[in-house]
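Visitor: with the sequence up front, the predicted model follows.
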Amino acid sequence: MLARDAGVVLSRATMDGWVMRVGHLLGAIAPAMRKEVLEGSYLQADETTVMVQRRPERLGRNHQASAVS
């Protein structure tokens, strides 16, 4: 998308590195988020289904995404 929309070409390794770094940084706030969620009186989740595009060999057809556990 960056190449198509902005003319910026980045290697997969560069983008993977960015994602790993952000994950590491966000890991520092995970304990605080967990504590806040568990201290609440109730937990609410959005279980709305989402339609996703199929792989190129099934182009033009969508399917309902399944939950990941």
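Guide: The structure has been received and is ready for your questions.

Visitor: need the helices for this protein, in chain order.
Guide: In the chain, the segments counted as helices under DSSP state H are 2-6, 12-27, 30-39.

Visitor: so the spatially most central residue of the chain versus residue 7, what's the distance?
Guide: Nearest residue to the geometric centre of the chain (C-alpha atoms, centre = their mean): residue 19, 10.5 Å. As judged by C-beta to C-beta, to the nearest Å, residue 19 and residue 7 stand 22 Å apart. (C-beta placed from N, C-alpha, C; glycine too.)

Visitor: residue 22 too?
Guide: Between residue 22 and residue 7 the computed distance is 23 Å (C-beta to C-beta).

Visitor: ok, back up a step: of all the helices of the chain, which one is nearest residue 64?
Guide: When those are compared by C-beta to C-beta, helix 12-27 sits nearest residue 64, at 26.2 Å.

Visitor: can you name every helix or strand that the closest one contacts?
Guide: The contact analysis (3 or more C-beta pairs under 8 Å, 6 or more residues apart in numbering; DSSP states H and E) places helix 12-27 against no helix or strand.

Visitor: now do it and helix 30-39, the angle between them.
Guide: Interaxial angle of helix 12-27 relative to helix 30-39 (axes from the mean of the first three to the mean of the last three C-alpha atoms, to 10 degrees): 50 degrees.

Visitor: and the contacts of helix 12-27?
Guide: Here helix 12-27 makes contact (C-beta atoms under 8 Å, 6 or more residues apart in numbering) with no residue beyond itself.

Visitor: show me how far that helix is from its chain's centre.
Guide: 13 Å (C-alpha atoms, centre = their mean, to the nearest Å).
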